[in-house]
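[1] sequence below, structure please.
(chains A and B)
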Amino acid sequence: MVLIDYIYWHYGIAPAGILGLLRNYLIGTWHRFLIGMHARTLLSPWHRAKPSDTGNALTFGDKIANAIVDFYIRIIAAIIRLIIILIGLIAELILIIVFAALLVVWLLWPVILLLFLIKGLSFVLGG
Amino acid sequence: MAGNLITVFNKGAKLCFGRITINNSMLFDLKKAQIYKAARFAQSPIWGMTRFWRIILLILGGMGAGGFVVARIFEYASSQSIAMFGVQNLTMAGFLCWTYIFLPLGFSALFLEIFFNHHLKYPKITDEENLANLLDFDSAMVLNRTASPADLLASIVSYRPARRIFIRLGVDPASFEKHLAQNQETNPPDSEKLATLVSDANELRLKHGGERITITDLLASLFDYNEIFKRLMIDAGLDKNDLESLSVWYEADAVLRRKRKEFWRLENLLRKPPIGIGWIYGYSWYLNRYATDITRQFREGQAEVKLIGRQRTVDQMEQVLARSGQNNILLVGEPGVGKRTVIMGFAQMIAEGKAVPSLNYKRVFELNVPLVTSSSKDITEVQNTLIALLNESAKAGNIVLVIEDFHNFVGALDGMGRVDISELLIPYLESSGIQVIATTDPVSFHKHIESRAEIIKVFEKIEVNESSAAETQKIVQELVPMMEGRFGLLLTYGAIKKIVEASDRYITSAPFPEKAIDLLTDVASRAKSLKKSVILPQDIDETVMLKTDIPLGKVAGDEKEKLINLESEMHREIIGQNEAVRAIAQTMQRLRAGLAKRGKPAGVFLFVGPTGVGKTLTAKILAKTYFGSPEKMIRFDMSEYQDAESLDRFLGSLRINEPGQLASKVRDEPFSVILLDEIEKAHKNILNIFLAIFDEGRMTDVFGRKANFEQNIIIATSNAAADLIRDMVNQGLDPSAQKDKIIDALVNGHYFSPEFLNRFDQIVIFHPLDQEQLYKIPELLITGLAERLREQGYLFKPTPEIIGYISKIGFDPQFGARPMQRAVQDKLETVIARKILEGSIQKGVEFSLTVDEVMA
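    Numbering: from 1, shown residues only, chains lettered A, B, ... in the order given. Just a heads-up that it's a prediction; the model follows:
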């Protein structure tokens, strides 16, 4: 009786649970690496800091210098953000691959179990 | 036989249920329930060994896989095949063989465990008609080995997962199990009664909204079915409602623990803050120096706040802070009501990303204003620092500033270290570039803030009210595990309940929940110092007694004697006035036996009678005899409170900025006699205030501070209608028998209104003292004088002649005992004082006085 329940759970409920877990981890990773927000603020100033904050840009030359420094800071900030976005996306991809493999293994588990046991026993019996 | 019966059930060898119909729409059939599969499977040998085999097989399989990898690396590195322990067979193929056999078997065992723990134990509830479908796994396990309500207790106590409930109830499960085995009578199986009990447990589940019937639900219902259990609970000071509360507590705790353990849940995965969230917002150098980031502890998972009864306030805060425009909050609440907890709860919510997106992951900084003001001696520099800090907060874009006790920094400077930051702050608050949560108390709000329209305009006021007793109980319950862990002790449920009850009733110096939390801390510290490991309700009584001087707990020893003999004890110093003494003594006995009504003063008496007959003395003697000291009497001469100005003094006034004498004194001495001398002379408004106090047992002064009168005996005295009483005595009538006429005289003479007189528990008529009683008074007074002298070392021996002389010269039926007191003072005390100064009386040498010496 419990065996039937187990089979029903293994094939009827658990796969949906595995997909649910994948969903949770994908959302969690997206959140952890803040992919959306980093993408939206990719070119924003680092910590909202601007070179002009340190003093008044009185001359045209000061303004040009500030604009150049600001540009460089934004570029460096964008690179750092891009790295984080990239790591996040790779993590998402790995998750998808791992969970897909897990789902396949899960669904084929009785076969895998049997094959492994036969293989193992063949080692024992075959010396 | 009884023991055998229990043993049989404990082994789970017998299932006594068949299909039982409870009513038209409900039946109980455990065997047909989904959970029965789990209960049966849990008892099978397969499940019993699964965990063990899972561990062994995974270790062996893991070792095989590890060995294979190591062997491959070694082989690759040395280009040689390896042998293990010198045996050629155990080469790489050997490792692979291990892995192929043990690892899949280990994983299969793991899957079986997951199946059981996450699926079989929590079957979907499809058919609520069969009550057994609503049982949780533990309840099903227990009921699977039970035949009748009488056996259920033994089944629960022997079921290991349920033992912690008994420990919390203050019962040692092992010894209780033995006790049950020895004392329980043979009970025939009674499945129908047991099914009715489960039905009651289901009612309870519906009441508290639980998903399934738990063991605590069964235990709470067992209260009505098992006399042994009922007696045990009553002895522990608990009733069925307490068991229901315990059930709710443990179930909520179990659900929370389970959710926390399931790390794969989305809410747990989202708890960690995102990487680089701070890069979007500005730097906070000034804030890091002059403020504390209270969201950090939640981001790092170091702290956890559970909001009980405060979720609405936090939601309100979220709404205000999330809206556009001016969005600042002023939390107004008494010190100790939990304003800080509310802020912490809000900080936790946004740190965990559970608020609206515009607030999520913001940082809540608690501004240390004194640190800012002490950063420089120069006020301009301080202001510049403050401006820089506010600019930084506004620019950062993710800062919520908390300023506690905001009233200290508003208004004119009137002390060292005080600075009015409101002038600097208001432009920022108006611009919506910054969000502030400020806190204050109602008194300071009325005093310093309410009149400042520009401040009121930029803040949204949110009131934080005192928690209810039920909410406080939950708050204390949440704190108990932490307190137990810190002090290494156990609080029984009776003790937890008692903490809330006792702090509600006897501690008036702070609001809920602070006073209950303080008491919990005091109790735990005291238990630690006494090296106690289990805290029982009587430990709470003892701590409260130490804190308040209020006698609590079982009446025993000297106190018992004192209480029983209170009437005769008081009569040793009070001549006559039997009715008054009896009324007071009976009230005290009721109060100490715990029969006093809640929400009213312990006793309210009006003593009416001529002057000098012992009205005030009776109150004084009560304070001395029962409350332990004459100092325990709060006396108000009500003739001093006749005009409007004195009203301000008595009740407090915002105008003169002074708290009222009545509330202050009662808060200082919550367990005392309050004497309102000559109450008929008080201002009418004061009498109106007392009308409410007599009715409700509490008052709130103009500053919003509460005073509780539940542990006070209030005695009002009045000389009104004294002439009528004297006339009655002269006519040979008993004034006590003519009480109605005296009350009519009090009402008709416009001394008191009928509704005011109606609020007294008893109106006691004090009789004028007759000659015989008056003659007893000098003896008492002179004996008292002799005792006072003995304390100084002088041994005065009163003679009958002296007593007779004082009786003669002090006798005045019009003024009662007062002339006697004056005679003792004028004649005896003066003469003795003179002799002491002259040196004619020596310490340690007995002396007496002659009438001639006294007359001289």
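
[2] tell me the helix or strand right after the helix or strand of chain B with the lowest mean pLDDT.
    Lowest by mean pLDDT, DSSP states H and E among the helices and strands of chain B is helix B:2-10, with a mean of 35. Going down the chain from helix B:2-10, the next helix or strand is strand B:20-23, by DSSP states H and E.

[3] direction included, what does that following strand pair up with?
    Strand B:20-23 has the following sheet partners, assigned by DSSP bridges: strand B:26-28 (antiparallel).

[4] where's the spatially closest residue to B:Ser646 that is not a sequence neighbour relative to chain A, distance?
    Leaving aside its chain neighbours, B:Ser646 sits nearest to B:Glu640 (6.1 Å; criterion: C-beta to C-beta, 6 or more residues apart in numbering or on different chains). All C-beta spots, glycine's among them, are computed from the backbone N, C-alpha and C. From B:Glu640 across to chain A, the span is 66 Å (C-beta to the nearest C-beta, to the nearest Å).

[5] next one: B:Ser529
    Counting by C-beta to the nearest C-beta - B:Ser529 and chain A are separated by 47 Å.

[6] okay, now that residue: neighbour count?
    Look at B:Ser529: counted by other C-beta atoms under 10 Å in any protein chain shown, it has 8 neighbours.

[7] I figured B:Lys498 hits B:Glu542, correct?
    No. If you go by C-beta atoms under 8 Å, B:Lys498 and B:Glu542 don't touch, sitting 10.8 Å apart.

[8] comparing those two, which residue is more hemmed in?
    The neighbour comparison of B:Lys498 against B:Glu542 (other C-beta under 10 Å) goes to B:Lys498, with 26 against 16.

[9] show me what contacts the more buried one?
    Neighbour list for B:Lys498: B:237, B:537, B:540-541 [criterion: C-beta atoms under 8 Å, 6 or more residues apart in numbering or on different chains].

[10] of the residues you listed - the most surrounded one?
    Counting neighbours by other C-beta under 10 Å, B:Ile540 leads those with 30 neighbours.

[11] name the nearest residue to that residue, sequence neighbours excluded.
    The shortest distance from B:Ile540 to any non-neighbouring residue, by C-beta to C-beta, 6+ apart, is to B:Lys498 (4.1 Å).

[12] so that neighbour is in which element?
    Using DSSP H and E, B:Lys498 sits in helix B:493-506.

[13] now that helix: mean pLDDT?
    The average of the pLDDT scores along helix B:493-506 is 92.

[14] so how far is B:Pro754 from the residue lying farthest from the centre of chain A?
    For chain A, the largest distance from the centre (C-alpha atoms, centre = their mean) belongs to A:Thr59, which lies 46.9 Å off. Remark: distance between A:Thr59 and B:Pro754 (C-beta to C-beta, to the nearest Å) = 91 Å.

[15] CA atoms only for stretch A:103-113, dumped as PDB, please.
    Taking Å, rounded to 0.1, in the frame of the first residue of the first chain, the C-alpha atoms of stretch A:103-113 are listed here in PDB:
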ATOM      1  CA  LEU A 103      14.700  15.600 -12.900                       C
ATOM      2  CA  VAL A 104      15.900  13.100 -15.500                       C
ATOM      3  CA  VAL A 105      17.700  11.100 -12.800                       C
ATOM      4  CA  TRP A 106      14.700  11.300 -10.600                       C
ATOM      5  CA  LEU A 107      12.300  10.000 -13.300                       C
ATOM      6  CA  LEU A 108      14.700   7.300 -14.400                       C
ATOM      7  CA  TRP A 109      15.700   6.400 -10.800                       C
ATOM      8  CA  PRO A 110      14.300   2.800 -10.800                       C
ATOM      9  CA  VAL A 111      16.200   2.100 -14.000                       C
ATOM     10  CA  ILE A 112      19.400   3.800 -12.800                       C
ATOM     11  CA  LEU A 113      19.200   1.900  -9.500                       C
END
